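Participant: next comes the sequence, and after it the predicted model I'd like to discuss.
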Amino acid sequence: MSVMRPDYAGGSIANLMRTIADACGAPSPVQAPLYPRYEIDAAQLAAARNIVLLVVDGLGADMLETRGAGTLRRQAGLRLSSVFPSTTASAIPLFMTGLMPAQHALTGWHMWLDELQTVTAILPLTPRTGPPFSIPRERLPAMLFDHAPLYPDMRRPAWTISPREIAYSPFNTWHSRGAETHAYAGIDGLLQALQRLIRQPGEKFIHAYWPVLDACAHRFGRDSAEVTGVLEQFCVMFDTLLALIAGTDTALLVTADHGFIDSPAERVIQLTDHPDLAAMLDRPLCGEQRVAWCYVKAEARASFIRCAEDILGDRAEVISRERLLDEGWFGPGPVHPKLASRIGDFSLVMHDNWSIKDWQPGEKRHFTLGVHGGVSPDEMQVPLVMVHA
């Protein structure tokens, strides 16, 4: 298996956000801006009246380079690494706060939270199974998060543009503090929102998020005709936007949170098929199907690695929490004090196109063909396109 770790030294989406933060006059804890080879520096961005960051959820670099269209495909070629794990729950907070996963401690779709004593879907802030939390969802962010977004410290007004289904969710509201929020519906709504805000007078920073490609790839698979059609739709919208904002002195940056691979049903390991391994776990699997956090019973920790390696063989690598932290998989410190509790005792880093899944009582079963979160190049590499209008 070809393994790609994040390039936090200057070639990741974290370093892109350091460069954007510098351009907008906001402090960032990331140690290094983008490598000079990307030819995008803070002074260059700061000179533009509008700085626009377009995040296309799930757009891998290879996908854009081989199946994109129009300006975006012609300008494709520069690649950034995602973060670890390569997933929306870890990358989207980075785009909004400038913090790497080591610093914001958001480690996957499903997270064990000591504060709530349960496994939680972190973006919707709902329990994985069972009744809703007794605490109102709008009060959860202040209880669970202690990080701040970049926007209040920017020297120019900031806007976030999100689908109306999530624009004012508790998670999004917390991470959008200091920016004006605009909700849109559909690709035409995104186009109209971008055009209108860009044409408003004065300097500004705009962060726009488009999730449709990700949802389509999960359902139909990365290489499906449906994904190609959705990607072409976005590329056409981008060319239309360029024509509508000509002469506005706008720097448009297009990137993604992660890429995708397909993990067909015959490559999904069901934990229920391995009761000896399941019996060693103190809690459900957390994280992602491609990188699972394992919370192991105290009496089983000495034998867990041997058991997992015997069962999984070359389909996964078993890595201890200590090794992940020591080797800086989540980025350099300072490390958040809650990070260790949110990544379990061991991780199962899946090889090739294998994934692993468990199911809890009462949980509605579903299958996703497209997956991400792992360390393959297709999951880890995302595009970086800059176009100046």
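Facilitator: Ah, there it is.
Participant: going forward, measure contacts and count neighbours with C-alpha atoms only.
Facilitator: OK.
Participant: residue closest to the middle of the protein?
Facilitator: Centroid-nearest residue in the chain: residue 88, 2.5 Å away (criterion: Cα atoms, centre = their mean).
Participant: where does pLDDT dip in the protein?
Facilitator: Within the chain, the stretches with pLDDT under 70 are 1.
Participant: got the domain boundaries for the protein?
Facilitator: If you go by automatic domain parsing, the domain ranges for the chain are 13-262+375-388, 265-371.
Participant: can you say which of the ones you listed is packed in most?
Facilitator: domain 13-262+375-388 (a mean of 20; mean count of other Cα atoms under 10 Å).
Participant: okay, how far is it across that one, tip to tip?
Facilitator: 20 Å (Cα to Cα, to the nearest Å).
Participant: from residue 259, how far out is residue 221?
Facilitator: According to Cα to Cα, residue 221 and residue 259 sit 12 Å apart.
Participant: residue 11 now?
Facilitator: Distance of residue 11 to residue 259, computed by Cα to Cα: 16 Å.
Participant: which stretches in the stretch 1-150 of the chain count as helices?
Facilitator: Ranges of helices within the stretch 1-150 of the chain are 13-23, 42-46, 61-67, 70-75, 88-97, 101-104, 140-144, based on DSSP state H, counting those that start in this stretch.
Participant: tabulate those helices (a markdown table), appending distance to residue 6.
Facilitator: Shown next, in a markdown table, are those (distance: least, Cα to Cα, whole Å):
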| stretch | distance to residue 6 |
| --- | --- |
| helix 13-23 | 9 |
| helix 42-46 | 22 |
| helix 61-67 | 14 |
| helix 70-75 | 23 |
| helix 88-97 | 12 |
| helix 101-104 | 11 |
| helix 140-144 | 26 |
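Participant: which one of the ones you listed lies nearest to residue 164?
Facilitator: helix 88-97 (16.7 Å; Cα to Cα).
Participant: check which helices and strands that closest one sits against.
Facilitator: If contacts are counted by 3 or more Cα pairs under 8 Å, 6 or more residues apart in numbering; DSSP states H and E, helix 88-97 sits against helix 13-23, helix 101-104, helix 170-175.
Participant: need the contact list for residue 111.
Facilitator: By Cα atoms under 8 Å, 6 or more residues apart in numbering, the contact list for residue 111 reads 119, 120, 121, 122, 286, 287, 342, 343.
Participant: and which of these is nearest to residue 157?
Facilitator: The closest of these to residue 157 turns out to be residue 122 (Cα to Cα; 28.0 Å).
Participant: what about the residue lying closest to the closest one once chain neighbours are set aside, distance to residue 127?
Facilitator: Nearest residue to residue 122, sequence neighbours excluded (Cα to Cα, 6 or more residues apart in numbering): residue 109, at 5.8 Å. Distance, residue 109 to residue 127, by Cα to Cα: 11 Å.
Participant: what do you get for residue 238?
Facilitator: Distance of residue 238 to residue 127, given as Cα to Cα: 37 Å.
Participant: tell me which stretches of the stretch 251-389 of the chain form strands.
Facilitator: Along the stretch 251-389 of the chain, counting by DSSP state E, counting those that start in this stretch, strands occupy 261-262, 268-270, 286-287, 291-294, 316-320, 346-350, 355-357, 370-371, 381-383, 385-388.
Participant: wait, which of those strands is closest to residue 204?
Facilitator: With Cα to Cα as the measure, strand 385-388 is the member of these nearest residue 204 (14.8 Å).
Participant: quick one: strands adjacent to that closest one?
Facilitator: Strand 385-388 has the following strand partners under DSSP bridges: strand 250-255 (antiparallel).
Participant: how about residues contacting the partner strand?
Facilitator: Residues from elsewhere that reach strand 250-255 (Cα under 8 Å, 6+ apart): 45, 48-56, 59, 198, 382-389.
Participant: quick one, it and helix 13-23 angle?
Facilitator: With axes from the mean of the first three to the mean of the last three Cα atoms, to 10 degrees defining the directions, strand 250-255 sits at 160 degrees from helix 13-23.
Participant: how far is strand 250-255 from where the chain is centred?
Facilitator: Distance of strand 250-255 from the chain centroid (Cα atoms, centre = their mean, to the nearest Å) equals 18 Å.
Participant: next: stretch 297-313.
Facilitator: Computed by Cα atoms, centre = their mean, the chain-centroid distance of stretch 297-313 equals 29 Å.
Participant: what's next to that stretch, contact-wise?
Facilitator: With Cα under 8 Å, 6+ apart, stretch 297-313 has contacts from 274, 276, 277, 280, 281, 282, 296, 316, 317, 318.
Participant: for the residues you listed, which one is nearest residue 163?
Facilitator: residue 316 (35.8 Å).
Participant: list the contacts of the nearest residue to that closest one once chain neighbours are set aside.
Facilitator: In space, and not counting its chain neighbours, residue 316 is closest to residue 350: 4.2 Å by Cα to Cα, 6+ apart. Remark: with contacts taken as Cα under 8 Å, 6+ apart, residue 350 is in contact with 290, 291, 315, 316, 317, 356, 374.
Participant: go with 7 Å
Facilitator: With contact set as Cα atoms under 7 Å, 6 or more residues apart in numbering, residue 350 has these partners: 290, 291, 315, 316, 317, 374.
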